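K.L.:
sequence plus the predicted model coming up.
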Amino acid sequence: MLIRKPADIRPSEITSETNYVNRRDFIRAGAIAGGSLLAPAAMSAVVPVATGATLPDVAKSAFSTSETPNSFEDISTYNNFYEFGLGKDDPYRNAQDFKPRPWTIEVEGHAEKTGVFEFDDFMKPFDLEERIYRMRCVEAWSMVIPWAGISLADVVKHFQPTSKAQYVAFETLEDREQMPGQRRRSLDWPYREGLTIAEATNPLPILAVGIYGNAIPNQNGAPIRLVVPWKYGFKGIKSIVKIRFMSTRPETSWNMAQAREYGFYANVNPEVAHPRWSQARERRIGASVFASKQNTLMFNGYGEHVAHLYKNLDLRRNF
Ligand SMILES: Nc1nc2c(c(=O)[nH]1)N[C@H]1C(S)=C(S)[C@@H](COP(=O)(O)O)O[C@H]1N2
Ligand SMILES: [Mo]
């Protein structure tokens, strides 16, 4: 994974709130002119079509952190989404025309229910919740993000995995027309990720469809992406089109690219350094440039909910 020092961040990545509001109004105006912003009456019962449109009925969650969330600007302009480029503001700049509808999700493998589902049909059985989670990127920066999403455990149970299902694998859309980054082999496309079935049925992971109560921006993984708050950010695969129940451990993109540096588990662990940098501390995006880095917490601070999953595992070998 590429990493840029703060000195390499271009001034264009740091935008004043005033500029940002104007830019957002501009984007909204464009959406209306293009006819893609639906009137409230025409919205789907679950998730509205237009990026940025308000989500209905998002319940609060006891799993949310009380830490102050990052600004919408930070969350939506400082991204990793290599399908849209390698720079932190490339996803924001290059994903604006991406079409998160129509969208289908294919569920396959060792489960009683499988098939290809239209996005709205896929969402219908599940309740939307707000989950304000810390996110710790393996590059040693972090944010706090107020997601809206559905419980991955609920989704997994809904499709009734059989006893052969030991892992759940996910794939991002592969579309070189819409995703210019896929014309280069920066990763072996499509982006792939996976969890053990025990991880996937833990109450913390969600499939996120919103941020700050509005439909998730394209650059954050529209229309639906994984969030696993105790793992490094790269496990949080974006723009998911495939969910597969598997008996064997799936191949995962960063592990395939650099197995020595990025493991399958990728649990946040301040004691296990990346081969090229320490993981003991992290830079909170949006903090004052004078602020010192903060200590990284074991399992990103979610140990009480997940440490039991790894009690028989050597976390240095299974990093
Ligand atoms: N498909 C896909 N998913 C992805 C990535 C990517 O490049 N492609 N980057 C990952 C990494 S490294 C991180 S840190 C998070 C960033 O999520 P955010 O941009 O919403 O903060 O997305 C993850 N999911
Ligand atoms: Mo990351």
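P.N.:
Alright, I've got the coordinates. Numbers count the residues shown, from 1 in each chain. Ligands and ions are numbered 1, 2, ... in the order given.
K.L.:
mind listing the strands in the stretch 201-319 of the chain by residue range?
P.N.:
206-211, 214-215, 225-227, 240-246, 281-284, 294-295 (DSSP state E, counting those that start in this stretch).
K.L.:
ligand 2: which of those is closest?
P.N.:
For the strands of the stretch 201-319 of the chain, the distance to ligand 2 is smallest for strand 281-284, at 11.5 Å, taking C-beta to the ion. The C-beta positions use only the backbone N, C-alpha and C, and glycine is treated the same way.
K.L.:
adjacent strands (with direction) for the closest one?
P.N.:
Take DSSP bridges as the rule and strand 281-284 pairs in its sheet with strand 141-151 (parallel), strand 294-295 (antiparallel).
K.L.:
can you list the residues of the stretch 101-250 of the chain near ligand 2?
P.N.:
Proximity of the stretch 101-250 of the chain to ligand 2, by C-beta under 5 Å from the ion, involves residues C137, G233, F234.
K.L.:
winner for burial among the strands of the stretch 201-319 of the chain?
P.N.:
Greatest average neighbour count among the strands of the stretch 201-319 of the chain goes to strand 206-211 (a mean of 26), per mean count of other C-beta atoms under 10 Å.
K.L.:
hmm, it in reach of ligand 1?
P.N.:
No - under the criterion of C-beta under 6 Å from any ligand atom, ligand 1 is not reached by strand 206-211; the shortest gap measures 8.2 Å.
K.L.:
quick one: that strand to chain centroid distance?
P.N.:
The chain centroid and the centroid of strand 206-211 are separated by 8 Å under C-alpha atoms, centre = their mean, to the nearest Å.
K.L.:
what helices or strands is it leaning on?
P.N.:
helix 72-77, strand 129-136, strand 141-151, helix 152-158, strand 225-227 (3 or more C-beta pairs under 8 Å, 6 or more residues apart in numbering; DSSP states H and E).
K.L.:
thinking again about what came up before, of the residues of the stretch 101-250 of the chain next to ligand 2, which is the nearest to ligand 1?
P.N.:
G233 (2.6 Å; C-beta to the nearest ligand atom).
K.L.:
that closest one reaches R134, doesn't it?
P.N.:
No - with contact defined as C-beta atoms under 8 Å, G233 does not count as touching R134 (10.3 Å).
K.L.:
now, of the strands paired with strand 281-284, which is deepest in the fold?
P.N.:
strand 141-151 (a mean of 23).
K.L.:
any idea how far ligand 1 is from the residue nearest the centre of the chain?
P.N.:
With distances taken as C-alpha atoms, centre = their mean, G236 lies nearest the centre of the chain, 3.9 Å away. Relative to ligand 1, G236 is positioned 5 Å away (C-beta to the nearest ligand atom, to the nearest Å).
K.L.:
contacts only, for that residue.
P.N.:
Counting by C-beta atoms under 8 Å, 6 or more residues apart in numbering, G236 touches M135, E193, G221, R225, L226, V227, V228.
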